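> any chance you could fold what I've pasted below:
(one chain, ligands or ions: 1)
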Amino acid sequence: MYIVMLGAPGTGKGTVGDLLSKELGIVHISSGEIFRNYIKKHNKLGQEIENYITEGKLVPDELAIQLIEKRLNEPDTKNGAILDGFPRTENQAVVLDGILKAKQEKINIAVDLNLPDEEIIDRIVKRRTCPNTECREIYNIDFKPPKVDGICDKCGTKLIKRIDDNEKTVKQRLETYHEISEGLIKYYKNQDILYTVKLNNKSDLTTKDIVEEIKAYLENK
Ligand code: AMP
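As a prediction, this is how the structure comes out:
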């Protein structure tokens, strides 16, 4: 089964994707995390990727597709994957369909998490992330602070504020997202696999509720 997580940065794609991955037993692949891992290698490719990310711009399609395709060929994707952050453009979506078709697979659902921009900005500047790739827990200094300041409750790793989690970059990331998301959303709507979840910071819809909704949709499909 293949699930695509759409939605602007900061809407909770990672958190929902992680729980879905546990419940459905399929691997969670975050394109942003793949790129951040390349940045850590401090080589030419990592530097190139860092330049795009710190400017709030998308990594060029060709490069993004190449790195995701490589990841989708790893053995842990044999039961499918939850794709978080990929595709980001209609072109990436078309190429992804081709990659899956060659494996005799297809996307079962594209989940669009919807949150107003002002709430996204507030969420992201207060976001703290566990950089341990086995953990990836997300905190918010206001509504979900860690028990010990700056330390992950789950694994004890020092939390980080991502290089692109500042107001200026978030605004640029949102602008980029809105420019290209419409086409992507239409693309999945036309295939009748789009599932939209309307959120706001006051809503009491938990991650678990969202995951249950998605599972119910998949069962009734
Ligand atoms: P994310 O962790 O999904 O918020 O992604 C962080 C950054 O990585 C984005 O702002 C983009 O610069 C880059 N990125 C992530 N996924 C993609 C993609 N599918 N295509 C191009 N750039 C991407």
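> from Lys189, how far off is the residue of the chain found nearest the ligand?
Closest residue of the chain to the ligand, C-beta to the nearest ligand atom: Gly32 (1.9 Å). Heads up, the C-betas are built off the backbone N, CA and C, glycines and all. Here the criterion is C-beta to C-beta, to the nearest Å. By it, Gly32 lies 24 Å from Lys189.
> looks like Tyr195 contacts Leu113 (just checking).
No. Here Tyr195 lies out of contact with Leu113, judged by C-beta atoms under 8 Å, at a distance of 9.8 Å.
> tell me which of these two has more neighbours.
Ranked by neighbour count (other C-beta atoms under 10 Å), Tyr195 and Leu113 place Leu113 first, with 21 against 17.
> can you map out the helices along this structure?
In the chain, the helices defined using DSSP state H lie at 13-24, 31-40, 44-54, 61-72, 90-102, 117-125, 167-190, 207-220.
> relative to its centre, which residue of this structure is most distant?
The C-alpha centroid of the chain is most remote from Val148, which lies 26.4 Å away (C-alpha atoms, centre = their mean).
> the ligand contacts on the protein?
Taking C-beta under 6 Å from any ligand atom as the measure of proximity, the chain contacts the ligand at 9, 31-32, 35, 52-53, 57-59, 64, 85-88, 92, 164, 173.
> 8 Å - rerun?
9-10, 13-14, 30-33, 35-36, 49, 52-53, 56-61, 63-64, 68, 84-89, 92, 162, 164, 169, 173, 176 (C-beta under 8 Å from any ligand atom).
> which of those are buried? Put it as a ChimeraX command.
In ChimeraX, this line selects whichever of the residues of the chain next to the ligand come out buried by 16 or more other C-beta atoms under 10 Å:
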select :9,10,13,14,30,31,32,33,35,36,49,52,53,56,58,59,63,64,68,84,85,86,87,88,89,92,162,164,169,173,176
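> now His178, nearest residue through space, not along the chain?
In space, and not counting its chain neighbours, His178 is closest to Ala8: 7.7 Å by C-beta to C-beta, 6 or more residues apart in numbering.
> for that neighbour, give me its contacts.
113, 115, 117, 120, 173-174, 177-178, 181 (C-beta atoms under 8 Å, 6 or more residues apart in numbering).
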